[in-house]
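A.B. asks: structure of the sequence below:
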Amino acid sequence: MADRVDCGVPNGLGRRGETLYGGERMNLRRAIHLVRLFIQVSVQNLSAYRFDMYVRIGVSLMHLVSELLVVWTIFHNTQSIGGWRWQHMLVLMGVYRMIAGGIRMSIVPNMRRVLEEIMDGTLDFVLMRPVNAQFLVSIREFVVWRAVDVFLGLSIALFGAIKLTGVIPLREALIFCAMLAAGFVIVYSIWLALATLCFWFVRIQNIEMIFWNVFEAGRFPITIYPPGVQWTLTYILPIAFIIMFPAAALTGDDDKLPAAMPIIAALLAAAAFVASGWFWRFGLRRYSGASA
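C.D. replies: You can find the predicted model right below:
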């Protein structure tokens, strides 16, 4: 893949003391412009290695076909799994692929870079820039071709929902979007907290593997697991809020999405974002930098 290009913070995008989260305010227009700038750099990197991109997209399509074959095999022998029919499972599979694609597109590359910079002491260069550190470390890199996974996931989820209801009502669509956004914020907050642990524990390279092993549980409805595991995957490791509840919102089945869950999801996302931001700033106070 392309070598990393660091475009820095262009002139005029920030002044000393401005922040996006905490401290003084950073202008939203400048923040959006900065995000767009980093996306443009990522696209330029991608265009320099087009063959590699095509190969990776091909592999992603093969994985999608294999997942569809798994669903077909399961429902060739049964009518439902954990109360979910094949149409529901397509929605769940699509949401899983969307979230996983979004994580690999924006969260993972940025958090990997944070871990590297904390370990080798080069995070100093980020902290010296006139932009909020948490905001900057979260937007510097985008694996643009992963947007294909997001698009394919959305297409499969919509196909499954249409097979269930014929037409997706506006109410269900809005709740789905809200639940999906809340789930992504929760995932981001988890990753930021995990990356922050590197301020204390330097060797945590296996943390990504642990995350994906837990995340794999979201491929299937949590109703297939024992009650204790269901509770854990809902309130301790909130896989249900990240994947299953957004999928249930799109299906429009009230029995799969309790009425209070959208509100709980919004509150959980807000709490996770605030807590991870506080933990990040607490970790920064422990950071001694390259001069230590």
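
A.B. asks: tell me which residues in stretch 201-218 are buried?
C.D. replies: In terms of neighbour count (16 or more other Cβ atoms under 10 Å), stretch 201-218 has its buried residues at 204, 207, 211, 215, 217-218. Bear in mind the C-beta positions are built from the backbone N, C-alpha and C, glycine included.

A.B. asks: out of the residues you listed, which comes closest to A157?
C.D. replies: Within the buried residues of stretch 201-218, the smallest distance to A157 is 13.4 Å, found for G218 (Cβ to Cβ).

A.B. asks: show me what contacts the residue lying closest to that closest one once chain neighbours are set aside?
C.D. replies: Computed as Cβ to Cβ, 6 or more residues apart in numbering, the closest residue to G218 that is not its neighbour in sequence is I243, at 3.7 Å. With contact taken as Cβ atoms under 8 Å, 6 or more residues apart in numbering, I243 is in contact with 92, 95-96, 99, 183, 218.

A.B. asks: how does it look with 10 Å?
C.D. replies: Neighbour list for I243: 92-93, 95-100, 179-180, 183, 187, 215, 217-222, 233 [criterion: Cβ atoms under 10 Å, 6 or more residues apart in numbering].

A.B. asks: same check on P169?
C.D. replies: By Cβ under 10 Å, 6+ apart, P169 lies in contact with 175, 252.

A.B. asks: beyond the helix or strand harbouring D149, next helix or strand please.
C.D. replies: According to DSSP states H and E, D149 maps onto helix 147-165. Heading C-terminal from helix 147-165, the first helix or strand you meet, by DSSP H and E, is helix 170-196.

A.B. asks: isn't Q230 right up against P238?
C.D. replies: No - because the distance of 12.0 Å does not satisfy Cβ atoms under 10 Å, Q230 is recorded as not touching P238.

A.B. asks: those two: who's more crowded?
C.D. replies: Neighbours per residue (other Cβ atoms under 10 Å) separate Q230 from P238, with P238 holding more: 22 against 17.

A.B. asks: pLDDT weak spots in the protein?
C.D. replies: 1-26, 202-205, 289-292 (pLDDT under 70).

A.B. asks: for it, which segments count as helices?
C.D. replies: 28-47, 50-77, 86-102, 108-120, 124-127, 133-137, 147-165, 170-196, 207-215, 227-231, 239, 245-251, 261-286 (DSSP state H).
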